Structures are given as structure tokens and as C-alpha cells.
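Q: Dropping a prediction and its sequence here:
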Amino acid sequence: MSDLSFSDAPLTWLFLNVFNALPNIFTALYNYNTWLDWISWDKTTEDKQSLMRFIYYGASIELFFATTVFVFLYTAIAIYHRPLMWKTVTSLETLANTTGRFFCMGRANYGINPDCYYIYTKNFRSLTNYNRLRLSFFL
């Protein structure tokens, strides 16, 4: 990567980072031992250096552009192949519903919001019309 900064030439900087995103992904995956060596943690200099590489890459412009390019490529493929897009939508919806119901059930068990039980079980028959209308905004 060149030493070109955003303030010098913004468009050139943007295109360079976008075009270098895929090689950066493959370099990071190919050299995983240089930035994942800290997992064993023997308090050596190499462990400390690899931890700093991990922290740097996690907060770097390279990771931002690599993630952005990956999302754009996945979106382009999913737009072209519609079943992939629908599978992604249903999977994300399942994940969101499961997470919400998990935390809602925890709140109902501790008595914080007993109405969460009805959201979790979808048992609306035992609710009054007022509570059914009030809870319908959460579903």
C-alpha cells in the first residue's frame, strides 16, 4: 500500500483501498499464524507482536474496506441469484426472532415484563383485547 492519504487525493485513496481489499483478505487468511499466535500466550515477544497485529487489523482501514467489498460482492451475487437473497433474509429473520425471544423469555422469568411470555409463546388467546393490541406492536 502506498503512503497516499485521504487528504492528498481522496478518490485515488478510495480506489486503491477498494482494489487492495481482496489481496488484503487473502494475505490475512494465508498468514494467519502471524496474527493468531497470541492465542497460546506464552508471554513471548512474538505473542505480544501477534496480539498487536490482531488489534491493529481489527481497527484498521484495511478491515473496513475488506468487509465493505465482501458485503458488496455478496449483495451483487444475491441480487443476481434470488434464492440466495431470500435464504439470507429468512436466516437473518430467524436469528433476530430467536435472539429477541431468548431475551424476552429471560425478562418474563425474572418478572420484569410478564407480557413477554405471550410474545415468546405466541399465546394470544389468554390475553384481553387491550393487551393483544398493545403487544401487536412488538411482533
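A: Arrived safely. From a predicted model like this one, the values you see are computed outputs, not experimental measurements.
Q: does Leu11 belong to a helix or a strand, and which?
A: Using DSSP states H and E, Leu11 sits in helix 10-19.
Q: actually Met52, sorry about that
A: helix 45-58.
Q: Quickly list the domain ranges of this protein.
A: 1-80, 83-139 (automatic domain parsing).
Q: residue ranges with poor pLDDT in the protein?
A: By pLDDT under 70, the weakly predicted segments of the chain are 1-2, 105-139.
Q: Quick check: the gap between Val89 and Ser60.
A: Taking C-beta to C-beta, to the nearest Å as the measure, Val89 falls 30 Å from Ser60. Yep, even glycine has a C-beta here, placed from its N, CA and C like the rest.
Q: Ala21: how many residues sit nearby?
A: 21 (other C-beta atoms under 10 Å).
Q: so who does it touch?
A: 62, 65-66, 68-70 (C-beta atoms under 8 Å, 6 or more residues apart in numbering).
Q: try 7 Å this time
A: 65-66, 69 (C-beta atoms under 7 Å, 6 or more residues apart in numbering).
Q: Which one of the residues you listed is nearest to Ile25?
A: Nearest to Ile25 among these: Ala66, at 4.9 Å, using C-beta to C-beta.
Q: The helix or strand harbouring the closest one vs helix 45-58, what angle?
A: According to DSSP H and E, Ala66 maps onto helix 61-80. On the basis of axes from the mean of the first three to the mean of the last three C-alpha atoms, to 10 degrees, helix 61-80 is oriented at 50 degrees to helix 45-58.
Q: Can you give the contact residues for helix 61-80?
A: 17-18, 21-22, 24-25, 57, 84-85, 88.
Q: What residues of it count as buried?
A: 62-63, 65-66, 69, 78 (16 or more other C-beta atoms under 10 Å).
Q: Let me know the closest of these to Leu11.
A: Distances from Leu11 to the buried residues of helix 61-80, taken by C-beta to C-beta, are shortest for Phe65, at 14.3 Å.
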